[in-house]
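S.K.: got a sequence here, can you model it:
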Amino acid sequence: MNDIVVIADAVRTYPRGVEEIRAIDGVDLSIERGDFVAVVGRSGSGKTTLLNLIGCVDLPTEGKVTVHGVETGNLPDKALATIRSTTIGFVFQQFFLIPTLTALENVMVPGRFRAGGNGDLKTRARELLDMVGLADRVDHLPHELSGGEMQRVALARALINDPAILLADEPTGNLDTRSAQQIAEIFEELNARGLTIVVVTHSPELTGNARRVLQLQDGKFVADERMKPVPVREAQRPGEDEPEPLTVPRYMPSSLKRRNWGSPAAAAAMVLLGALTLTTAFMPFIGKFSGIDLMERGFFAVEFYVDNYLTRIIASEPATILTGLWPLVLGLLLAAAGVLFLFNLQRIGRWSALAIGVCATAVAAVDILMIQNRLGEGVAVEYGLWVLLGAGIATVVLAAMLFVLARYGNRGTAGREATAETTA
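M.R.: Next up, the predicted model:
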């Protein structure tokens, strides 16, 4: 499929008092990559609304609009903004340059908001200004430029994010004939390089350079004339491979992409260790007391003395035993960390597992040392604490392995991707 824009039975209505205005009325349109489409029609025919739908500035009331392989109808604002900042360049009739910024700084503005980064903005902005013939005007403010120069700055600004589609709404409407001709020549050159252009215009210069002319009337196409063929790309020639299909770019929000799951095995291990940690709260800690039983004598910790009550006066300090509340909470948190890891929140999952493992190990170690050092050989450490200690150590080891895999596994993947790109 070589269509970069597909509009299927699109309708866009606006309320006006008790009336409903159908600005776009059941439009079907496909635009090929590399095409140069001019949209003409009287004022109020729906031309700007059509550009807004293609540019993800507006959404259809009915029907579907697909841009660069992404259907826009039900997308959240963040996703629409990402498409606008990475896939589409806009040129307006009124220029909309920021008056306090130089030509160079105006061109750089959209690049600062682009999803996925944009490299050396200043260098690229200078190259674009040079391309539109303004290399000697980079440090000039808008009021120091002519109308044609301001529109060329606006055009360079629209190209700073290397868009796949350029949308222009009456780009020569406020220009004299000579300036309009310069803009038309730049558009023709950009299209010759493979950029898809859709322009709303009354300019004979732009219409004459277009490969396809569409006429809108009352929100419907009444004419569709192919003036020139779309250039055949190298990959489309007979015997060659088909061009790479349009897919959702990797920089798009996760709501548009298929979810990347974390390792199910690692997530399952976290959940199982969490369940084991939680279960130790119901196992014996000291004597006949389980971790839960200890909570009846103290919520967080309980003090035990050697022999009997008299030792409170005679003996040394008591043994402070941490209760079953700790493994109970830590087990639940570890299971939750496993779920987060599965949903690809791997960094949070790894750090949570490490912290929980250290805490569980510390709780078991404190209780074991207290019992052995302060209560003497007559009081045994019950198996619940040994199981908790083992679960804590296993969780720390698991987290450490995940950190190692994240660090060196990603390097390996990046290396393979770089090798593949070099080979290609």
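S.K.: where does the stretch 201-350 of the chain dip in pLDDT?
M.R.: 232-261, 306-316 (pLDDT under 70).
S.K.: residue boundaries of the strands in it?
M.R.: Along the stretch 201-350 of the chain, counting by DSSP state E, counting those that start in this stretch, strands occupy 212-217, 220-226, 284-286, 289-290, 301-304, 319-322.
S.K.: just checking, what packs against the longest one?
M.R.: In terms of contact count using 3 or more Cβ pairs under 8 Å, 6 or more residues apart in numbering; DSSP states H and E, strand 220-226 is assigned the packing partners strand 19-32, strand 212-217. From N, CA and C alone the C-beta is placed, and that goes for glycine too.
S.K.: for residue 186, give its distance to residue 127.
M.R.: Using Cβ to Cβ, to the nearest Å, residue 186 is found at 14 Å from residue 127.
S.K.: swap in residue 272?
M.R.: 56 Å.
S.K.: tell me the buried residues in the longest helix seen in the chain?
M.R.: Taking DSSP state H as the criterion, the chain has its longest helix at helix 346-374. When burial is assessed from 16 or more other Cβ atoms under 10 Å, helix 346-374 yields the following buried residues: 346, 349-350, 352-357, 359-361, 363-364, 366-368, 370-371, 374.
S.K.: would you map the helices across the stretch 101-250 of the chain?
M.R.: Assignment of helices within the stretch 101-250 of the chain using DSSP state H, counting those that start in this stretch yields the ranges 103-108, 121-131, 147-159, 177-192, 204-209.
S.K.: what's the closest of these to residue 381?
M.R.: Nearest to residue 381, of all those, is helix 121-131, at 63.6 Å by Cβ to Cβ.
S.K.: tell me the angle of the closest one relative to helix 177-192?
M.R.: 120 degrees (axes from the mean of the first three to the mean of the last three Cα atoms, to 10 degrees).
S.K.: I'd like to know how many residues surround residue 220.
M.R.: 16 (other Cβ atoms under 10 Å).
S.K.: so what sits opposite it in the bridge?
M.R.: residue 217 (DSSP bridges).
S.K.: kindly report the same for the one 4 residues further on.
M.R.: In this entry, residue 224 is beta-bridged to residue 214, by DSSP bridges.
S.K.: wait, it touches residue 210, no?
M.R.: No - counting by Cβ atoms under 8 Å, residue 224 does not reach residue 210; the two are 11.9 Å apart.
S.K.: more neighbours: which of the two?
M.R.: residue 210 (27 against 11).
S.K.: and what about the nearest residue to the more buried one once chain neighbours are set aside, helix, strand or coil?
M.R.: Leaving aside its chain neighbours, residue 210 sits nearest to residue 38 (3.6 Å; criterion: Cβ to Cβ, 6 or more residues apart in numbering). Assigned by DSSP: H, G, I helix; E, B strand; the rest coil, the conformation of residue 38 is strand.
S.K.: how near is residue 38 to residue 44?
M.R.: Taking Cβ to Cβ as the criterion, residue 38 is separated from residue 44 by 18 Å.
S.K.: which one of those two has more residues nearby?
M.R.: Neighbours per residue (other Cβ under 10 Å) separate residue 38 from residue 44, with residue 38 holding more: 25 against 14.
S.K.: count of neighbours near the nearest residue to residue 42 once chain neighbours are set aside?
M.R.: Among residues not flanking residue 42 along the chain, residue 217 sits closest, at 7.1 Å (Cβ to Cβ, 6+ apart). Counted by other Cβ under 10 Å, the residues lying close to residue 217 total 15.
S.K.: before we move on, what about the one 10 residues further on?
M.R.: Residues lying near residue 227 (other Cβ under 10 Å) number 13.
S.K.: wouldn't it be in contact with residue 214 here?
M.R.: No - using Cβ under 8 Å, residue 227 makes no contact with residue 214, being 11.0 Å away.
S.K.: how near is residue 14 to residue 218?
M.R.: Counting by Cβ to Cβ - residue 14 and residue 218 are separated by 14 Å.
S.K.: sorry, slip of the keys, the one I care about is residue 178.
M.R.: Taking Cβ to Cβ, one finds residue 178 at 35 Å from residue 218.
S.K.: neighbour count: these two, which is higher?
M.R.: residue 218 (14 against 8).
S.K.: spit out the contact partners of residue 160.
M.R.: Under the criterion of Cβ atoms under 8 Å, 6 or more residues apart in numbering, the neighbours of residue 160 are 89, 107, 108, 110, 111, 118, 121, 124, 125, 128.
S.K.: from residue 124, how far out is it?
M.R.: Distance of residue 160 to residue 124, computed by Cβ to Cβ: 6 Å.
S.K.: same question for residue 157.
M.R.: 11 Å.
S.K.: the more surrounded of those two?
M.R.: residue 157 (26 against 19).
S.K.: next, count neighbours for the closest residue to the more buried one other than its chain neighbours.
M.R.: Leaving aside its sequence neighbours, residue 157 sits nearest to residue 107 (Cβ to Cβ, 6+ apart; 4.7 Å). Applying other Cβ under 10 Å, we find 30 residues neighbouring residue 107.
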